[in-house]
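Enquirer: sharing a model prediction with you, sequence too.
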Amino acid sequence: MLGMLFNDKECKELDYVLRKELDEMLFDLSDQRLDLEVRNAIASRYRTVFRMYARFAPHKELSKYARNSKLSQFKQ
């Protein structure tokens, strides 16, 4: 396990960066022009960033970024 200490300003900045990254990935996942492999890679990265964000975000904020697991799987 790896730990890090952040001051309040750094926590707010990390929160902002992760939210913006999640927003960008959601936008990319909604783009049907992307190949299946690319969308699957974005979805995998989304899960990782979401888990990072979930460690300190309030539940109300998390619900904005939660994805339905059945809808998040793409047909081949």
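Expert: Structure received.

Enquirer: would you map the helices across the protein?
Expert: Secondary structure of the chain (DSSP state H): helices at 8-29, 36-54, 59-65.

Enquirer: relative orientation of the longest one and helix 36-54 in degrees?
Expert: It stands for helix 8-29. 160 degrees (axes from the mean of the first three to the mean of the last three Cα atoms, to 10 degrees).

Enquirer: pull out the buried residues from helix 8-29.
Expert: The neighbour-count check on helix 8-29 (16 or more other Cβ atoms under 10 Å) flags L18, R19, E21, L22, M25, L29 as buried. Backbone N, C-alpha and C define where each C-beta goes, glycine included.

Enquirer: elements contacting it?
Expert: The contact analysis (3 or more Cβ pairs under 8 Å, 6 or more residues apart in numbering; DSSP states H and E) places helix 8-29 against helix 36-54, helix 59-65.

Enquirer: ok so, going back, can you redo the helices of the chain as JSON lines with distance to M1 and mean pLDDT?
Expert: Shown next, in JSON lines, are these (distance: least, Cβ to Cβ, whole Å; pLDDT from 0 to 100):
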{"stretch": "helix 8-29", "distance to M1": "18", "mean pLDDT": "95"}
{"stretch": "helix 36-54", "distance to M1": "14", "mean pLDDT": "95"}
{"stretch": "helix 59-65", "distance to M1": "22", "mean pLDDT": "89"}
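
Enquirer: how about the ones you listed, which one is nearest L2?
Expert: helix 36-54 (11.9 Å; Cβ to Cβ).

Enquirer: got the contact list for that closest one?
Expert: 15, 18-19, 21-22, 25-26, 28-29, 34, 62, 65-67, 72, 74, 76 (Cβ atoms under 8 Å, 6 or more residues apart in numbering).

Enquirer: go on, stretch 55-67?
Expert: With Cβ under 8 Å, 6+ apart as the criterion, stretch 55-67 contacts C11, D15, R19, L22, L26, Y46, F50, Y53, A54.

Enquirer: repeat that for stretch 13-29.
Expert: 6, 34, 39, 42-43, 45-46, 49-50, 52-53, 56-57, 61, 65, 67, 72.
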